[in-house]
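> Kindly return the folded structure for what I paste below:
(one chain, ligands or ions: 1)
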Amino acid sequence: MIKIRPMGAADLQLGVRLTRQAGWNQTESDWLRFIDLQLEGCFVAEINGASVGTTTTCVFGPVAWVGMVLVEVNARRKGVATALVKHALSFLEKQEVKTIRLDATAAGLPVYEKLGFTLEYQLTRYEGIAPQTGVQPHVTKATMSMFAEIVAFDHRMTGTHRGNLLTRLFEESPQAVHVLCQAGQLEGFVTLRRGANAIQIGPCIATPRAGRALLSDALGRCAGQLVFIDIPRSNARALRVAEASGLRVQRYFVRMYRGDRVKDCVEAMWASSGPEKG
Ligand SMILES: CC(C)(COP(=O)(O)OP(=O)(O)OC[C@H]1O[C@@H](n2cnc3c(N)ncnc32)[C@H](O)[C@@H]1OP(=O)(O)O)[C@@H](O)C(=O)NCCC(=O)NCCS
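Purely as a prediction, here's the structure:
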C-alpha cells in the first residue's frame, strides 16, 4: 500500500539521497527552499513505512508547478510516482490554481501524460565548462531597490508572478543577481546558484537585445567551472550563445501543462530557473 504524507525538514536527507541516486543537480539548500516555499505542498510516498518517493509543488497565484518527482530505484513501476502526482494535483486543485506546469524528463513524461498533462515545448539542457567572457556593457549587480521592478518584469515575460521564488533566490545570494539596464529601463536579469554537479545558470529573463550580454556575464562569472543552462528550444538566440560558448547538449526536458495555457514569452526566456519551477 502506498501512503502519501507531507514532506518536512526531517525529510531533507531523503530528498538529497533520491536526488543523488537520480544524478540530479539539486542540493540540500534547494530542497530547503522547495519546502519553505510550499510548506504544505511537498510530499513523501511510503511503502510499508519506508520513504520511497518525493514531489514538490509551488503555487504562484493561479499558476502552480510540480517538481522533484523522484522514486527510489527499487520502488519504481509500482505506481508511486502516479500516486504522488495525483496527490499533488488534488492539493493544487484545493488551492484553486488554473494551470499546473512541470518540466518532464523522458522517464516522467508517460506518467504525466496519463494524468492529463499536455506537451507545451521542449527545453535543452546545455552543459560544459564556462569560457572566459569580457565585461558586458550595462550589466551590473542588482540592488534591493530594483527588486519590485525585476519581479514585475519577470511576471510580464513569464505570465507568472514568481515574486516569492525570486525574492528567496535574491536573499540566498544577493551578489549573484545581475541586471542589464539601459536608459533607465530594466532589460533583463540573470542569477546562478551552485548545484551538486554543476552551477545552474538561470533564471535569465531578458529582452532579445539584453539576453546575450546577461548570459555571457553569467558564463564569465563561472569561467573554468561546469555549468548547466536550460533553454527553450525555440529561443534560437539563447541556443546560439550556449553553442558559441562551447557548451554541449546534455538532455531535453518537455514542458507540460494541465488546465489553462499560460501565455509566456519564450524569446525572453534565456534560461529557466531549473526544471522544478520553470
Ligand atoms: C519517472 C519516475 C518518477 C517514475 O516513477 P514510478 O513510481 O516508477 O512511476 P509509476 O509506477 O507511477 O509509473 C511508471 C510505469 O509503471 C507502470 N505501473 C504503475 N503501477 C504498476 C504496477 N503495479 N505494476 C507494474 N507497472 C506499474 C505505469 O503504468 C507506468 O508505465 P509506463 O512506464 O509504461 O507508462 C521514476 O522512474 C524516477 O524516479 N526516475 C528518475 C527521476 C525522474 O526522471 N523523474 C521524473 C521527473 S519529471
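
> Just the closest residue of the stretch 101-250 of the chain to the ligand, please.
In the stretch 101-250 of the chain, the residue that lies nearest the ligand is Gly108 (2.7 Å; CB to the nearest ligand atom). No exception for glycine: its C-beta is placed from N, CA and C like everyone else's.

> For that residue, list the residues it contacts.
With contact taken as CB atoms under 8 Å, 6 or more residues apart in numbering, Gly108 is in contact with 69, 81, 102.

> In helices, which of those residues fall?
Applying DSSP state H to these, the entries found in helices are Ala81.

> Against the ligand, which of the contacts of Gly108 make the cut? List them.
69, 81 (CB under 6 Å from any ligand atom).

> Check which helices and strands the helix or strand hosting Leu214 sits against.
Using DSSP states H and E, the element containing Leu214 is helix 211-221. Counting contacts by 3 or more CB pairs under 8 Å, 6 or more residues apart in numbering; DSSP states H and E, helix 211-221 packs against strand 139-141, strand 178-182, strand 185-194, strand 199-206, helix 236-244, strand 269-271.

> Which one of the ones you listed lies nearest to Ile2?
When the helices and strands packed on helix 211-221 are compared by CB to CB, strand 199-206 sits nearest Ile2, at 31.1 Å.

> contact partners of that closest one?
Strand 199-206 is touched from outside by 25, 130, 153-154, 157-158, 166, 180, 187-194, 211, 214-215, 218-219, 222, 225-230, 238, 268-274, with contacts defined as CB under 8 Å, 6+ apart.

> now stretch 167-180
Applying CB under 8 Å, 6+ apart, the contact partners of stretch 167-180 are 29, 33, 36-37, 136, 138-142, 144, 146-147, 150-151, 186-193, 206, 210, 213-214, 217-218, 273.

> Recalculate using a threshold of 6 Å.
33, 138-139, 141-142, 187-192, 210, 213-214, 217 (CB atoms under 6 Å, 6 or more residues apart in numbering).

> now stretch 111-130
81-82, 85, 104, 219, 222-223, 225, 227-233, 242, 246-258.

> Of these, select the buried ones using a ChimeraX command.
Here is the ChimeraX command that picks out the buried ones among these, judged by 16 or more other CB atoms under 10 Å:
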select :81,82,85,104,219,222,227,228,229,230,231,232,242,247,253,254,255,256,257,258
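
> Reformat the helices and strands packed on helix 211-221 as TSV; add mean pLDDT and distance to Tyr126.
Shown next, in TSV, are these (pLDDT from 0 to 100; distance: least, CB to CB, whole Å):
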stretch	mean pLDDT	distance to Tyr126
strand 139-141	98	20
strand 178-182	97	19
strand 185-194	98	14
strand 199-206	98	9
helix 236-244	98	4
strand 269-271	98	9
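
> deepest of these, which one?
Ranked by mean neighbour count under mean count of other CB atoms under 10 Å, the helices and strands packed on helix 211-221 are led by strand 269-271, which reaches a mean of 29.

> Many thanks, I have nothing further to ask.
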